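In: For reference, the sequence and a predicted model appear below.
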Amino acid sequence: MRTLKIYDKGFSPLTTFLEGEYSGLEYRQTLGEVGDCGFVLDLSNPKVTDANLRHYNRLEVIEDGVVQWVGFITQKTVKLSVVEIKAKGLIGLLKKRLVGSGYTASGDAGLAVSSLLGTINATEDTGITFGEEDIITSVNLTFERQSAFDAIKKIADTVGAQFEVTTTRKLNFKTQVGSDLSSSVVFRYNSGQVSQANILRFEVEDDGDAIITKAYGKSSTLSSSQENTSLKANFGVLEGFRDFRVANTQASLDGLTSSLCQGPLFSPSIELTPTVADNFKVGDVVRIQLKNKLINLDDSYQILEKQVRVAGLEKHITVRVNSLIQSIVYNIGDINSRLSLLESKV
């Protein structure tokens, strides 16, 4: 049973839409970013009211009693007989809340994020509470009326952390969020055993436009120069600069400047067969086994994005995982042609 539960902005229940009362349900979660959700309601349903569908009312997608997605309503498109609803992930509320003028986040990064969230909730409760943290690296950053989301992201960039708001409304700030499920959750395709595959499509875009091998940063009188020697050996000197403004110490500025260095953006997108169990979430580490004439891949990867499309009783899941090594990416064209067999054989 899959339901859509609507709350007011304080998470007091308003109504629930049952299976058959909505259609076109899709939702997406992305690590360290704001996810989204969409669905369609019939205007003849008495539950479809201005009060129930007010902007910033909270929304939960619930499956068999378990919350799969949580967020808030942002847009309604009214047509002759239906209304299309769009929502954003709950973490998006932190983009609508500002830290004060001259707000300083200092000390252990995890505790600084916890304190920042507490300050935001003191003005009006977002419904998000602080969860787990394991970062003890210190930061010293000053923000000037920036969004809480941007401030947390700056702190994360400084210390190389990840953050998420879970479906239980907990803000986690860790070296790596999620669980290691690589021994139990396996996405596979073997050209010699197509009938056992659970990967329907596999696609990678290899984008080198954003490569930076040497980065320069400044903040007031401080300056920093950071270089990734491995990237430089492969691609040469490709430079970038940013005035961060928020860093108060050399260590904080060095961390932010170092985060500018990045390699090619190639993050694989994998569409799974509808039979795959939905027992993983964004941040989890899963195993990918991919074998054909040219490639023999068997390794663990973190899920960066998960998109779910509901069609009747079926769930169609697409995930994006962290980067594959370049030797795999450069042979990816061969995979695409072989995976087309799945559409007719699986």
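Out: It's in.
In: For Gln75, which non-adjacent residue is closest in space?
Out: Once flanking residues are discounted, Gln75 sits nearest to Lys86: 3.9 Å by CB to CB, 6 or more residues apart in numbering. C-beta: built from backbone N, CA, C; applies to glycine.
In: which parts of the helix or strand that contains that neighbour are buried?
Out: Using DSSP states H and E, the element containing Lys86 is strand 82-89. Buried positions in strand 82-89, judged by neighbour count with 16 or more other CB atoms under 10 Å: Val82, Val83, Ile85, Ala87, Lys88, Gly89.
In: Break down the stretch 1-150 of the chain into its strands, ranges please.
Out: 2-7, 13-17, 22-30, 36-42, 58-63, 66-78, 82-89, 101-108, 129-133, 138-144 (DSSP state E, counting those that start in this stretch).
In: What is the first one packed up against?
Out: Spelled out, that is strand 2-7. strand 13-17, strand 22-30, strand 58-63 (3 or more CB pairs under 8 Å, 6 or more residues apart in numbering; DSSP states H and E).
In: That strand pairs with which strands, parallel or anti?
Out: According to DSSP bridges, strand 2-7 has the following sheet partners: strand 13-17 (antiparallel), strand 58-63 (antiparallel).
In: which residues touch it?
Out: 13-19, 22, 25, 39, 52-53, 57-64, 73, 310 (CB atoms under 8 Å, 6 or more residues apart in numbering).
In: is it true that Thr129 touches Lys170?
Out: Yes - if you go by CB atoms under 8 Å, Thr129 and Lys170 touch, sitting 6.0 Å apart.
In: Return a ChimeraX selection command for the buried portion of the contacts of strand 2-7.
Out: Burial among those is assessed by 16+ other CB under 10 Å; the matching ChimeraX selection reads:
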select :14,15,17,22,25,39,52,53,57,58,59,60,61,62,73,310
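In: Now do the longest helix anywhere in the chain against strand 138-144, angle only.
Out: Ordering each helix of the chain by length in residues (DSSP state H) puts helix 109-123 first. Taking axes from the mean of the first three to the mean of the last three CA atoms, to 10 degrees, one finds helix 109-123 and strand 138-144 inclined to each other by 30 degrees.
In: Now do stretch 208-216: everything it contacts.
Out: With contacts defined as CB under 8 Å, 6+ apart, stretch 208-216 is touched by 223-228, 231-232, 235-242, 257-258, 260-265.
In: Got a quick PyMOL command for the buried subset of those residues?
Out: Listed next is the PyMOL selection for buried residues among the contacts of stretch 208-216, using 16+ other CB under 10 Å:
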select buried, resi 224+226+227+228+231+238+240+257+258+260+261+263+264
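In: quick one: which of the contacts of stretch 208-216 sit in strands?
Out: Per DSSP state E, strands hold the following members of these: Ser223, Ser224, Ser225, Gln226, Glu227, Glu239, Gly240, Phe241, Arg242.
In: Widest-spaced pair of those residues?
Out: Glu227 and Arg242 (15.2 Å; CB to CB).
In: hmm, back to that, please produce CSV containing the buried residues of strand 82-89, extended by pLDDT.
Out: Listed next are the buried residues of strand 82-89 as CSV, based on pLDDT from 0 to 100:
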residue, pLDDT
Val82, 98
Val83, 98
Ile85, 98
Ala87, 98
Lys88, 98
Gly89, 98
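In: Which of those sits closest to Ser106?
Out: Closest approach between the buried residues of strand 82-89 and Ser106, by CB to CB: Gly89, at 28.4 Å.
In: Go ahead and confirm the closest one touches Val34.
Out: Yes - using CB under 8 Å, Gly89 is in contact with Val34, at 5.0 Å.
In: show me the contacts for the residue nearest to Thr77 when sequence neighbours are not counted.
Out: Sequence neighbours aside, Glu84 is the residue nearest to Thr77 in space, at 4.2 Å (criterion: CB to CB, 6+ apart). In this structure, Glu84 makes contact with Gly24, Gly38, Phe39, Val40, Lys76, Thr77, judged by CB under 8 Å, 6+ apart.
In: Report the buried members of those residues.
Out: Counted by 16+ other CB under 10 Å, those give Gly38, Phe39 as buried.
In: Put together a markdown table for the contacts of Glu84, with pLDDT and distance to Lys96 on each row.
Out: Putting the contacts of Glu84 into a markdown table (pLDDT from 0 to 100; distance: CB to CB, whole Å) gives the following:
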| residue | pLDDT | distance to Lys96 |
| --- | --- | --- |
| Gly24 | 97 | 26 |
| Gly38 | 98 | 20 |
| Phe39 | 98 | 22 |
| Val40 | 98 | 25 |
| Lys76 | 97 | 18 |
| Thr77 | 98 | 21 |
